[in-house]
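**Student:** Predicted model, plus sequence, below.
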Amino acid sequence: DQQVKQNSPSLSVQEGRISILNCDYTNSMFDYFLWYKKYPAEGPTFLISISSIKDKNEDGRFTVFLNKSAKHLSLHIVPSQPGDSAVYFCAATTIGDYKLSFGAGTTVTVRA
Amino acid sequence: DVKVTQSSRYLVKRTGEKVFLECVQDMDHENMFWYRQDPGLGLRLIYFSYDVKMKEKGDIPEGYSVSREKKERFSLILESASTNQTSMYLCASSWTGINQPQHFGDGTRLSIL
(Lines give C-alpha, C1' and ligand atoms only; values in the text may rest on other atoms or scores of the structure.)
Protein backbone atom coordinates (compact mmCIF):
# COMPACT_ATOMS: atom_id res chain seq x y z
CA ASP A 1 0.00 0.00 0.00
CA GLN A 2 1.70 3.14 -1.23
CA GLN A 3 1.93 5.86 1.36
CA VAL A 4 3.13 8.45 -1.15
CA LYS A 5 1.11 9.01 -4.28
CA GLN A 6 1.81 10.97 -7.42
CA ASN A 7 -1.46 10.77 -9.30
CA SER A 8 -0.27 12.36 -12.54
CA PRO A 9 2.00 9.97 -14.43
CA SER A 10 2.96 12.65 -16.94
CA LEU A 11 3.02 16.39 -17.52
CA SER A 12 3.74 18.33 -20.68
CA VAL A 13 4.61 22.02 -20.45
CA GLN A 14 5.89 24.68 -22.81
CA GLU A 15 9.37 26.05 -22.31
CA GLY A 16 9.30 29.15 -20.12
CA ARG A 17 6.03 28.23 -18.42
CA ILE A 18 5.50 26.89 -14.91
CA SER A 19 5.52 23.15 -14.17
CA ILE A 20 3.53 22.06 -11.13
CA LEU A 21 3.99 18.53 -9.83
CA ASN A 22 1.75 17.20 -7.10
CA CYS A 23 2.25 14.62 -4.38
CA ASP A 24 -0.06 13.30 -1.64
CA TYR A 25 0.82 11.22 1.38
CA THR A 26 -1.24 9.18 3.82
CA ASN A 27 1.12 8.65 6.75
CA SER A 28 0.68 11.50 9.23
CA MET A 29 4.02 10.58 10.84
CA PHE A 30 5.94 11.81 7.81
CA ASP A 31 7.65 15.09 8.56
CA TYR A 32 10.36 15.41 5.95
CA PHE A 33 9.83 15.43 2.20
CA LEU A 34 12.16 15.29 -0.78
CA TRP A 35 12.02 15.55 -4.53
CA TYR A 36 14.35 13.58 -6.77
CA LYS A 37 14.90 13.99 -10.49
CA LYS A 38 15.78 11.10 -12.77
CA TYR A 39 17.06 11.14 -16.35
CA PRO A 40 16.88 7.97 -18.48
CA ALA A 41 19.76 5.55 -17.83
CA GLU A 42 20.83 7.50 -14.74
CA GLY A 43 20.05 7.18 -11.05
CA PRO A 44 17.79 9.69 -9.27
CA THR A 45 19.47 12.84 -8.02
CA PHE A 46 18.35 14.86 -5.03
CA LEU A 47 16.63 18.11 -6.01
CA ILE A 48 15.04 19.84 -3.02
CA SER A 49 13.56 19.03 0.38
CA ILE A 50 11.27 20.50 3.01
CA SER A 51 10.60 19.73 6.65
CA SER A 52 7.19 19.94 8.23
CA ILE A 53 8.10 23.04 10.22
CA LYS A 54 8.06 24.98 6.96
CA ASP A 55 5.41 25.43 4.31
CA LYS A 56 7.73 26.56 1.54
CA ASN A 57 11.31 26.02 0.47
CA GLU A 58 12.91 27.65 -2.55
CA ASP A 59 16.09 26.87 -4.46
CA GLY A 60 16.56 28.82 -7.65
CA ARG A 61 13.86 27.86 -10.13
CA PHE A 62 12.51 25.13 -7.83
CA THR A 63 10.04 25.72 -5.00
CA VAL A 64 8.37 23.08 -2.88
CA PHE A 65 5.15 23.86 -1.02
CA LEU A 66 3.81 21.77 1.86
CA ASN A 67 0.22 21.70 3.08
CA LYS A 68 0.28 19.50 6.18
CA SER A 69 -3.43 19.62 6.86
CA ALA A 70 -4.14 18.32 3.37
CA LYS A 71 -1.14 15.96 3.41
CA HIS A 72 -0.13 17.43 0.09
CA LEU A 73 3.01 18.87 -1.39
CA SER A 74 3.85 20.33 -4.74
CA LEU A 75 6.96 21.17 -6.71
CA HIS A 76 6.96 24.30 -8.88
CA ILE A 77 9.53 24.78 -11.62
CA VAL A 78 9.66 28.31 -12.98
CA PRO A 79 10.56 28.86 -15.76
CA SER A 80 10.61 25.36 -17.20
CA GLN A 81 13.58 24.53 -19.41
CA PRO A 82 14.19 21.64 -21.85
CA GLY A 83 16.78 20.20 -19.45
CA ASP A 84 14.00 19.78 -16.87
CA SER A 85 12.50 16.97 -18.95
CA ALA A 86 12.86 13.98 -16.62
CA VAL A 87 10.99 11.79 -14.16
CA TYR A 88 10.37 13.45 -10.79
CA PHE A 89 9.90 11.36 -7.67
CA CYS A 90 8.36 12.61 -4.46
CA ALA A 91 9.64 10.92 -1.28
CA ALA A 92 8.74 11.14 2.39
CA THR A 93 10.21 10.03 5.68
CA THR A 94 10.25 10.71 9.39
CA ILE A 95 13.11 12.90 10.63
CA GLY A 96 15.89 10.63 11.85
CA ASP A 97 14.69 7.62 9.87
CA TYR A 98 16.89 6.28 7.09
CA LYS A 99 14.06 4.90 5.03
CA LEU A 100 12.32 6.86 2.27
CA SER A 101 8.87 6.11 0.85
CA PHE A 102 8.69 7.06 -2.82
CA GLY A 103 5.83 7.94 -5.11
CA ALA A 104 5.48 6.36 -8.55
CA GLY A 105 6.95 9.37 -10.34
CA THR A 106 5.77 12.01 -12.80
CA THR A 107 7.36 12.28 -16.25
CA VAL A 108 7.80 15.91 -17.24
CA THR A 109 8.26 16.87 -20.88
CA VAL A 110 9.21 20.47 -21.63
CA ARG A 111 8.28 21.45 -25.20
CA ALA A 112 10.34 24.01 -27.09
CA ASP B 1 31.45 14.44 -5.93
CA VAL B 2 29.76 11.29 -4.66
CA LYS B 3 30.16 8.24 -6.83
CA VAL B 4 27.95 5.19 -6.42
CA THR B 5 28.92 2.49 -8.89
CA GLN B 6 26.83 -0.53 -9.74
CA SER B 7 28.82 -3.32 -11.34
CA SER B 8 26.48 -4.05 -14.26
CA ARG B 9 24.14 -1.85 -16.30
CA TYR B 10 22.34 -4.84 -17.83
CA LEU B 11 22.14 -8.43 -16.65
CA VAL B 12 20.25 -11.44 -17.99
CA LYS B 13 19.89 -14.53 -15.83
CA ARG B 14 17.79 -17.69 -15.76
CA THR B 15 15.10 -18.73 -13.33
CA GLY B 16 16.57 -20.47 -10.30
CA GLU B 17 20.03 -18.96 -10.61
CA LYS B 18 21.71 -17.23 -7.69
CA VAL B 19 22.31 -13.62 -8.73
CA PHE B 20 24.70 -11.10 -7.21
CA LEU B 21 24.35 -7.35 -7.73
CA GLU B 22 27.28 -5.29 -6.50
CA CYS B 23 27.42 -1.67 -5.40
CA VAL B 24 30.41 0.42 -4.36
CA GLN B 25 30.46 3.98 -3.00
CA ASP B 26 33.51 6.18 -2.64
CA MET B 27 32.33 8.69 -0.01
CA ASP B 28 32.75 6.65 3.17
CA HIS B 29 28.98 6.76 3.72
CA GLU B 30 27.66 4.76 6.65
CA ASN B 31 24.28 3.97 5.07
CA MET B 32 23.65 1.97 1.94
CA PHE B 33 20.36 0.95 0.33
CA TRP B 34 18.96 -1.34 -2.33
CA TYR B 35 15.75 -0.41 -4.17
CA ARG B 36 13.86 -1.81 -7.09
CA GLN B 37 12.01 0.46 -9.51
CA ASP B 38 8.94 -0.79 -11.33
CA PRO B 39 6.51 1.14 -13.56
CA GLY B 40 3.64 2.62 -11.58
CA LEU B 41 5.22 1.66 -8.26
CA GLY B 42 8.16 4.01 -7.95
CA LEU B 43 11.14 2.95 -5.86
CA ARG B 44 10.62 0.32 -3.20
CA LEU B 45 13.20 -0.40 -0.53
CA ILE B 46 14.47 -3.97 -0.40
CA TYR B 47 17.18 -3.78 2.28
CA PHE B 48 19.42 -1.20 3.85
CA SER B 49 22.56 -1.23 5.94
CA TYR B 50 23.69 1.39 8.47
CA ASP B 51 27.09 -0.14 9.21
CA VAL B 52 29.38 -2.96 8.19
CA LYS B 53 27.70 -6.32 8.77
CA MET B 54 24.49 -4.57 9.87
CA LYS B 55 21.34 -4.81 7.81
CA GLU B 56 17.63 -4.19 8.08
CA LYS B 57 14.73 -5.31 5.95
CA GLY B 58 12.94 -2.78 3.86
CA ASP B 59 9.44 -3.02 2.45
CA ILE B 60 9.97 -5.95 0.05
CA PRO B 61 12.80 -8.21 1.32
CA GLU B 62 11.27 -11.53 0.30
CA GLY B 63 13.48 -13.48 -2.08
CA TYR B 64 16.50 -11.25 -1.44
CA SER B 65 19.43 -11.11 0.94
CA VAL B 66 22.32 -8.67 1.33
CA SER B 67 25.92 -8.62 2.39
CA ARG B 68 28.06 -5.78 3.68
CA GLU B 69 31.53 -6.98 4.57
CA LYS B 70 33.25 -3.67 3.85
CA LYS B 71 31.96 -0.15 4.37
CA GLU B 72 32.15 0.81 0.71
CA ARG B 73 30.47 -2.29 -0.74
CA PHE B 74 26.89 -3.50 -0.48
CA SER B 75 25.76 -6.61 -2.34
CA LEU B 76 22.23 -7.69 -3.17
CA ILE B 77 21.68 -11.41 -3.60
CA LEU B 78 18.76 -13.10 -5.31
CA GLU B 79 18.89 -16.55 -3.75
CA SER B 80 16.87 -18.26 -6.49
CA ALA B 81 15.91 -15.82 -9.22
CA SER B 82 12.32 -15.74 -10.41
CA THR B 83 10.69 -13.93 -13.31
CA ASN B 84 8.89 -11.51 -10.98
CA GLN B 85 12.29 -10.21 -9.94
CA THR B 86 12.84 -8.76 -13.40
CA SER B 87 13.25 -5.07 -12.63
CA MET B 88 15.55 -2.05 -12.42
CA TYR B 89 17.67 -2.24 -9.27
CA LEU B 90 19.09 0.93 -7.74
CA CYS B 91 21.73 1.22 -5.06
CA ALA B 92 22.09 4.34 -2.91
CA SER B 93 24.26 5.60 -0.07
CA SER B 94 24.11 8.43 2.44
CA TRP B 95 25.77 9.89 5.52
CA THR B 96 24.35 9.20 8.93
CA GLY B 97 22.73 12.35 10.25
CA ILE B 98 19.41 14.07 10.17
CA ASN B 99 17.90 13.62 6.74
CA GLN B 100 21.02 13.33 4.66
CA PRO B 101 20.02 12.90 0.99
CA GLN B 102 20.63 9.57 -0.63
CA HIS B 103 22.97 9.37 -3.62
CA PHE B 104 22.07 6.82 -6.25
CA GLY B 105 23.93 4.68 -8.74
CA ASP B 106 22.79 4.46 -12.36
CA GLY B 107 20.95 1.20 -11.85
CA THR B 108 21.13 -2.39 -13.06
CA ARG B 109 18.43 -3.58 -15.46
CA LEU B 110 17.98 -7.23 -14.51
CA SER B 111 16.01 -9.65 -16.68
CA ILE B 112 15.15 -13.12 -15.41
CA LEU B 113 14.22 -15.55 -18.18
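**Tutor:** Looks like it arrived, so ask away. Small disclaimer: the values here were computed from a predicted structure and weren't measured.
**Student:** near chain B, which residues of chain A?
**Tutor:** A:2, A:4, A:6, A:9, A:32, A:34, A:36, A:41-46, A:49, A:51, A:89, A:91, A:93, A:95-96, A:98-100, A:102-105 (Cβ under 8 Å from any Cβ of the partner chain). The way it works is simple: take the backbone N, C-alpha and C, and place the C-beta from them, glycine included.
**Student:** Mark which of those are buried, thanks.
**Tutor:** A:2, A:4, A:6, A:32, A:34, A:36, A:43-44, A:46, A:49, A:89, A:91, A:93, A:98, A:100, A:102-105 (16 or more other Cβ atoms under 10 Å in any protein chain shown).
**Student:** Can you report phi and psi for residue B:84?
**Tutor:** phi -80, psi 0 (degrees, to the nearest 10).
**Student:** Report how many residues lie close to it.
**Tutor:** Per other Cβ atoms under 10 Å in any protein chain shown, the neighbour tally for residue B:84 reads 9.
**Student:** ok, the residue lying closest to residue B:17 once chain neighbours are set aside - contacts?
**Tutor:** Once flanking residues are discounted, residue B:17 sits nearest to residue B:81: 5.0 Å by Cβ to Cβ, 6 or more residues apart in numbering or on different chains. Residues in contact with residue B:81, defined by Cβ atoms under 8 Å, 6 or more residues apart in numbering or on different chains, are B:13, B:14, B:15, B:16, B:17, B:18, B:19, B:112.
**Student:** Among those, which ones are in strands?
**Tutor:** Using DSSP state E, the subset of these located in strands is B:13, B:19, B:112.
**Student:** re earlier: from residue B:70, how far off is the residue nearest to residue B:17?
**Tutor:** 25 Å (Cβ to Cβ, to the nearest Å).
**Student:** Ok, residue B:23 next?
**Tutor:** On the measure of Cβ to Cβ, residue B:23 and residue B:70 end up 11 Å apart.
**Student:** More neighbours: those two, which one.
**Tutor:** residue B:23 (26 against 10).
**Student:** The more buried one: what's it in contact with?
**Tutor:** Contacts were defined as Cβ under 8 Å, 6+ apart; by that measure residue B:23 touches B:4-7, B:32, B:34, B:73-76, B:91, B:93, B:105.
**Student:** I'd like to know which of the residues you listed are buried.
**Tutor:** Here, 16+ other Cβ under 10 Å leaves B:4, B:6, B:32, B:34, B:73, B:74, B:75, B:76, B:91, B:93, B:105 buried among those.
**Student:** Any chance of those residues in JSON lines with pLDDT as columns?
**Tutor:** As requested, the buried ones among the contacts of residue B:23 are exported to JSON lines (pLDDT from 0 to 100):
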{"residue": "B:4", "pLDDT": "95"}
{"residue": "B:6", "pLDDT": "96"}
{"residue": "B:32", "pLDDT": "96"}
{"residue": "B:34", "pLDDT": "98"}
{"residue": "B:73", "pLDDT": "97"}
{"residue": "B:74", "pLDDT": "97"}
{"residue": "B:75", "pLDDT": "97"}
{"residue": "B:76", "pLDDT": "98"}
{"residue": "B:91", "pLDDT": "97"}
{"residue": "B:93", "pLDDT": "95"}
{"residue": "B:105", "pLDDT": "96"}
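**Student:** Filter the residues you listed down to just the ones in strands.
**Tutor:** Those of those lying in strands (DSSP E): B:4, B:6, B:32, B:34, B:73, B:74, B:75, B:76, B:91, B:93.
**Student:** Return only those of those residues found close to chain A.
**Tutor:** Okay, of those touching chain A (Cβ under 8 Å from any Cβ), that's residue B:4.
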